[in-house]
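Visitor: Quick one, fold the following:
(one chain, ligands or ions: 1)
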Amino acid sequence: MNSPIIECHNLSYNYSGKTALSNISFVCDSAEPIGLVGPNGAGKSTLLSILCGFLPITSGSVTLFNHQPGASALSGRVSALPQDAQLDPAFSIGEQLAFYARLQGLNKQQARREASRVLEAVALKDVLKEKPNALSHGMAKRATIAQALIGKPELILLDEPTAGLDPVNTRKIRTIIADLSPSTTFIISSHDLAELGRLCQQVLLLDKGIMSTMQLNTTENDSPTRFITLQMLSCPAADVMAKFKQIAGIVQISNSQKNEFIIEYKTAIEPKMDLKILMCISDNNWQYRQLSQGKTLEEKLFFTES
Ligand SMILES: Nc1ncnc2c1ncn2[C@@H]1O[C@H](COP(=O)(O)OP(=O)(O)OP(=O)(O)O)[C@@H](O)[C@H]1O
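Guide: Below is the predicted model:
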């Protein structure tokens, strides 16, 4: 049987007496991308630093593919993109990537080929000879992700890969991750819950150093009711709720935020509730922005009653 990708038991970490991680335990054995979320200061970067072997394990245990973080056996199998990853302004992108490839033991020619391969994977093959100052912020971020792809690692830890990026570049990074999964497992720390909701089936939630895990899209499948999230353009909320309540099968509607509604319905009564809702919107000449199955990740994490 294969060893789990990550196994973490009773891990705690303190900075000079200040608790950053408190007795956390989790196991990752799925190749699907895993989200790591939590408010500022929750302990996400600390956890990633321990997984990378940058910080020591002082209490509890952690293994990646059955090895201690930072073990030489993990070289080439695990890589990371730190939150503040920088490119060296003095060297071209191709030179820097080839340098990191050489550190992994490739010869000069193999390293050059590897630099081209990873740049192509992030849709940046034209910048091989450019220096970092010729790249936009989004391109530079993708170039640092290219660095994390060197040697085709099985596990890549990404700390805030889309922070500060526009929607186009955010989408490009999502595509890169989706294309490389599941042959590569990504752990993605991010405050962008919409992005994580699109990519991840499993989410690790850290709050003040305490962890809980959440498996997305599983409980709903087993449940007699499901959820739809509906975003309307400006609309009379009270009218919308009153009209929807008349649709057979709808058990509950909440106006989760301005122009957004979470609708819970019984699948046995109306399996195609999305069509019913769209017909109701059309009959009333309302306009909607987006209808999606399930709740948003934000709603699941922070506003679902347990
Ligand atoms: N080098 C350090 N020295 C002392 N305390 C630290 C250090 N690094 C982090 N901390 C503290 O540890 C806790 C966890 O910080 P960490 O950076 O891991 O959180 P985070 O979830 O990554 O936050 P953010 O989302 O803001 O990046 C915080 O209370 C922080 O102040």
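
Visitor: which secondary element of the chain has the worst mean pLDDT?
Guide: helix 219-222 (a mean of 54; mean pLDDT, DSSP states H and E).

Visitor: how does the chain divide into domains?
Guide: The chain breaks down by the TED database into domains covering 4-215, 225-303.

Visitor: List of residues touching stretch 14-28?
Guide: Stretch 14-28 is contacted from outside by 4-13, 34, 43, 46-47, 50, 58, 60, 185, 187, 202, 204, 206, 208-211, 213, using C-beta atoms under 8 Å, 6 or more residues apart in numbering. The C-beta positions use only the backbone N, C-alpha and C, and glycine is treated the same way.

Visitor: before we move on, what about stretch 63-73?
Guide: Applying C-beta under 8 Å, 6+ apart, the contact partners of stretch 63-73 are 3-7, 50-54, 57, 62, 74, 77-78, 154-155.

Visitor: Now it: average pLDDT?
Guide: Per-residue pLDDT over stretch 63-73 has a mean of 95.

Visitor: Can we start the residue count at 27 from this point?
Guide: Taking 27 as the first residue, the last one we looked at is stretch 89-99.

Visitor: where does Glu33 land in three-state SS?
Guide: Secondary structure state of Glu33, per DSSP: H, G, I helix; E, B strand; the rest coil, is strand.

Visitor: Around the ligand, which positions in this structure sit nearby?
Guide: By the rule C-beta under 6 Å from any ligand atom, the part of the chain lying against the ligand is 41, 44, 46, 64, 66-72.

Visitor: hang on, the earlier thing: ChimeraX command for the buried members of the contacts of stretch 89-99?
Guide: Remark: buried members of the contacts of stretch 89-99, expressed as a ChimeraX selection using 16 or more other C-beta atoms under 10 Å:
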select :30,31,32,33,76,77,78,79,83,88,100,103,104,180,181
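
Visitor: Among the contacts of stretch 89-99, which lie within helices?
Guide: Judged by DSSP state H, the subset of the contacts of stretch 89-99 located in helices is 76-78.

Visitor: Which of those sits closest to Lys155?
Guide: Cys78 (30.0 Å; C-beta to C-beta).

Visitor: Sketch out the low-pLDDT regions of this structure for me.
Guide: Counting by pLDDT under 70, the chain contains low-confidence ranges at 27, 241-248, 328-332.

Visitor: mind checking how far Lys269 is from the ligand?
Guide: As defined by C-beta to the nearest ligand atom, to the nearest Å, Lys269 lies at a distance of 41 Å from the ligand.

Visitor: that older thread, mind giving me the ChimeraX select for the contacts of stretch 40-54, buried ones only?
Guide: Of these, the buried ones can be selected in ChimeraX as follows, counting by 16+ other C-beta under 10 Å:
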select :30,31,32,33,34,37,39,60,69,72,73,76,86,211,213,228,230,232,235,237
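
Visitor: Strands along the chain, start to end?
Guide: 32-41, 44-54, 60-63, 85-90, 104-107, 181-185, 211-215, 228-233, 236-241, 251-258, 276-283, 286-292, 314-319 (DSSP state E).

Visitor: From Leu74, how far out is the closest residue to Leu150 other than its chain neighbours?
Guide: Leaving aside its sequence neighbours, Leu150 sits nearest to Arg168 (C-beta to C-beta, 6 or more residues apart in numbering; 5.5 Å). According to C-beta to C-beta, to the nearest Å, Arg168 and Leu74 sit 19 Å apart.

Visitor: and what of Glu140?
Guide: Counting by C-beta to C-beta, the gap between Glu140 and Leu74 amounts to 24 Å.

Visitor: same question, Asp218
Guide: From Asp218 across to Leu74, the span is 16 Å (C-beta to C-beta).

Visitor: now do Ala124
Guide: For Ala124, the distance to Leu74 (C-beta to C-beta) stands at 26 Å.

Visitor: Ok, Ser101 next?
Guide: Computed as C-beta to C-beta, the Ser101 to Leu74 distance reads 18 Å.

Visitor: which of those two has more neighbours?
Guide: More neighbours surround Leu74 than the other of Ser101 and Leu74, with 22 against 14 (other C-beta atoms under 10 Å).

Visitor: Show the contacting residues for that one.
Guide: Leu74 makes contacts with 62, 106, 108, 183, 185, 213, 215, as judged by C-beta under 8 Å, 6+ apart.
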